[in-house]
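Asks: what follows is a predicted structure for the sequence shown.
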Amino acid sequence: MASTTVRKRPYKDFLQPALHRRFSVTVWILVAISYLEAVALSSWSSFFWFWFPIGPTGIRALFLSICALSVIILRIAQYHVGLRTSDSGFETFRQHGLKLQTAEAIVTYVFSSYIFSQVYLWSLPDSAGYEWVTYFTADRARLNERTIFFTTHFVILGIAQALVHVFKDNDRLSLGTTKQLSGGEKQKAGEQANQYKNFWDQVPNIIIWTMNMSLAGLASSIIIYALFLRTTIWRTMLFFLRPFYSLPRTNMVPVSYPFSVNTLFRCWIASLLMLSIWTVANVAFSIFLVKEPLKKGKPLTSESKDPNGSLLNGLKSKKLAIKAFAMWELAFIARDYPERRKALYEDIDRQGGPMWSQVYTICMEILKEMETRVDWFGKPPQPAESEKKEPEKEKEKKRISKPPKEDAIFQTTPQKKNFRSEVEKTFNKVATSPTGSQLSPVAKRALESAKQQLREVQIAATGSDDPQNFFKDMVLKVLRSPLGWPFRQEYRRRLEKTVLGSPYGEPSLLINATNAIAQLAVHSLKEDKYGNVQRDVAAIIRTFTTVTKKLDTFKGTLPVLWTDVVGKQESKEVEAVLEALKSSLRELVQSFGPYARDLRLSLTDVRLAKEAAGTKAQEGDQQPQDQGEQVEVRNEQQQEMRQVR
């Protein structure tokens, strides 16, 4: 039983040191890769100096480490949890693409690539011919365009990598969840996934990505440099280097392009080395920083003087990252740590209510927020309280008579509003207006002829009398092309935005909250000596049943918009949330089914819970179950009649 006088340390005091330890593993991996690349760039003229860290190789490795650590610093500054949820790619760009974080990513990657390019040029021998200024004679100097193109290529590569970084949302940390194993077996505490094995499994993907990105980046640099940048960069470099070198006065660019085989090969090799550092940095950071919230096989808050208080502080945090990590730890405690579970059940004198009540409230609020988002999908947002209290505007004076109709009087069939109908309506309005009522017969015949020609042109262009089909076909063709992808309102995006929330939605928060509350309820049968949990079991089962049914129905009835030309109706994240609800509900029904009447659960509640969880009742049990429900309903009606009398 925790004392209220003990100071509870914030959850971030335990989370941040754990992240720092995991961050150090990533740093050592990058330092090792930087040192290997520094050795590879050595001249190899001396067996001792090409690998000895105190010397040129060590200095080179230091600068290469700066290139890698700059990306890690960017990840630390911008890391977040949760998917970027939106209706379309264009909406995602509008929400996140124009923020300061995008500019920071571009500056970081350009800085890293520029430093790497200069280190690579410094490592080349003089015979390679990659100086900034070359001399034909002792007095004649000329700017070396091969070096200019090499440096420009790395700047373009840095910008491209930054845009890919933002587009793929590399700053996201994908948190894990606690999983239930088949056969009722529980995963043992402390069995963490082998992060090093996961990293080595990603090595083939890293190699493929760096190969493809280096080739695509080199091709893009050749095109961009030749068509848009060559003249500007040439004149700019002459302007800055003329005060230091006796360069020609003319600003004419060389006749030949610097795209020799040797130059392109060196650009490609250097791009592979640079991209490998970037990719390893991002992959290692994403893998090692999402390890389970355990330390030496125990939950992170185990070292706190008030473990429950520190954990509760994380669960109540307004920051999504801290709250998600704390919920992940709670799910581990609920599944694998009996001592911590018992401490949670017995903590009844805490400020704000018993520990179980506060945990129950937090987890159920997370599920009910998802339920609310599903219920309010497609409905107008609720007006703010300030808008409700505003005085109503004065009503407009009612007309005594209706305004005169402007439609065609002799037209019997209703006409759809389209381009042709609006044009005809305009022509008729002009012809029947007071200024146009005196038109001559010749003008009237010309008006009818114009209407007929307009109709014929529309039929020839669209194949029908309705021009909307033509424009819709054109829009669909654009949406099917790569240029139309940002404007597709895909089923997956709309489903995730509603279920997970926006602008960020973390599926692990919903899954771990579901698993945690279910496991705490199941283990309370043997470990809760005060019996506080049993009072909320019925509410948990009913809430899980309602949320599961609503989510399952919403997933099946969500319409596919016409802009979704692919029409794929699936979402791995939402499916994982739904499966967690169903599996937890099955375990709750299986554990508390024999005690349904004691928990004030009707047979209808149990049947609905089994249906929501996907558990089919046996054929022999179906009829007695229906009879039992009928008897129970009859008893309830009789009790109500007695109360009325």
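Replies: Sure, I can see it.

Asks: buried residues, the helix or strand hosting residue 153. List them.
Replies: Using DSSP states H and E, the element containing residue 153 is helix 145-167. By 16 or more other C-beta atoms under 10 Å, the buried positions in helix 145-167 come out as 145-162, 165-166. From N, CA and C alone the C-beta is placed, and that goes for glycine too.

Asks: partners of the helix or strand that comes right after it in the sheet?
Replies: Beyond helix 145-167 on the C-terminal side, the first helix or strand identified by DSSP H and E is strand 172-173. Paired strands of strand 172-173, with direction, are strand 80-81 (parallel) (DSSP bridges).

Asks: quick one: residue 112 and residue 161, what's the gap?
Replies: Distance, residue 112 to residue 161, by C-beta to C-beta, to the nearest Å: 9 Å.

Asks: nope, residue 450 is what I meant
Replies: Distance from residue 450 to residue 161, by C-beta to C-beta: 58 Å.

Asks: how is this structure partitioned into domains?
Replies: Domain segmentation of the chain under automatic domain parsing yields 14-292, 296-377+493-614.

Asks: rebuild these as JSON lines, extending it with distance to residue 441 and mean pLDDT.
Replies: Below are the domains of the chain laid out as JSON lines (distance: least, C-beta to C-beta, whole Å; pLDDT from 0 to 100):
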{"stretch": "domain 14-292", "distance to residue 441": "54", "mean pLDDT": "89"}
{"stretch": "domain 296-377+493-614", "distance to residue 441": "46", "mean pLDDT": "94"}
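
Asks: so which of those domains gets nearest residue 485?
Replies: When the domains of the chain are compared by C-beta to C-beta, domain 14-292 sits nearest residue 485, at 6.1 Å.

Asks: so how far is the closest one off the chain centroid?
Replies: Taking the mean of its C-alpha atoms, domain 14-292 sits 24 Å from the chain's own mean (C-alpha atoms, centre = their mean, to the nearest Å).

Asks: span of that domain from start to end?
Replies: End-to-end span of domain 14-292 (C-alpha to C-alpha, to the nearest Å): 13 Å.

Asks: please identify the deepest-packed of the domains of the chain.
Replies: Among the domains of the chain, domain 296-377+493-614 has the highest mean neighbour count (mean count of other C-beta atoms under 10 Å), at a mean of 19.

Asks: list the contacts of stretch 534-549.
Replies: Applying C-beta atoms under 8 Å, 6 or more residues apart in numbering, the contact partners of stretch 534-549 are 360, 364, 367-368, 370-371, 514, 517-518, 521, 524, 528, 578, 581-582, 584-585, 588-589, 592, 598-601, 605, 608-609, 611-613.

Asks: export it to PDB, keeping only CA atoms.
Replies: The C-alpha trace of stretch 534-549 is given here as PDB (Å, rounded to 0.1, in the frame of the first residue of the first chain):
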ATOM      1  CA  GLN A 534     -15.400  -7.400  -9.800                       C
ATOM      2  CA  ARG A 535     -17.700  -4.300  -9.500                       C
ATOM      3  CA  ASP A 536     -16.400  -3.100 -12.900                       C
ATOM      4  CA  VAL A 537     -16.200  -6.400 -14.800                       C
ATOM      5  CA  ALA A 538     -19.800  -6.100 -16.100                       C
ATOM      6  CA  ALA A 539     -19.200  -2.600 -17.400                       C
ATOM      7  CA  ILE A 540     -15.900  -3.700 -19.000                       C
ATOM      8  CA  ILE A 541     -17.700  -6.600 -20.900                       C
ATOM      9  CA  ARG A 542     -20.600  -4.400 -22.000                       C
ATOM     10  CA  THR A 543     -18.200  -1.600 -23.100                       C
ATOM     11  CA  PHE A 544     -16.000  -4.000 -25.000                       C
ATOM     12  CA  THR A 545     -19.100  -5.600 -26.700                       C
ATOM     13  CA  THR A 546     -20.400  -2.200 -27.700                       C
ATOM     14  CA  VAL A 547     -17.100  -0.900 -29.000                       C
ATOM     15  CA  THR A 548     -16.300  -4.100 -30.900                       C
ATOM     16  CA  LYS A 549     -19.700  -4.200 -32.600                       C
END
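
Asks: now do the shared contacts for residue 112 and residue 161.
Replies: residue 278.

Asks: ok, back up a step: could you dump the domains of the chain into CSV and include distance to residue 487?
Replies: Below are the domains of the chain laid out as CSV (distance: least, C-beta to C-beta, whole Å):
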stretch, distance to residue 487
domain 14-292, 6
domain 296-377+493-614, 7
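
Asks: picking that back up, packing partners of the helix holding residue 153?
Replies: Of the remaining helices and strands, those touching helix 145-167 by 3 or more C-beta pairs under 8 Å, 6 or more residues apart in numbering; DSSP states H and E are helix 100-123, helix 203-224, helix 230-241, helix 261-288.

Asks: skipping adjacent residues, who's closest to residue 518 in space?
Replies: Nearest residue to residue 518 in three dimensions, chain neighbours excluded: residue 584, at 3.6 Å (C-beta to C-beta, 6 or more residues apart in numbering).

Asks: where's the one you found relative to residue 514, distance?
Replies: 5 Å.

Asks: for this protein, which segments are assigned as strands?
Replies: For the chain, the strands defined by DSSP state E cover 80-81, 83-84, 133-135, 141-143, 172-173, 294-295, 298-299, 504-505.

Asks: closest to residue 489 out of the ones you listed?
Replies: Of all the strands of the chain, strand 83-84 sits nearest to residue 489, with 15.1 Å by C-beta to C-beta.
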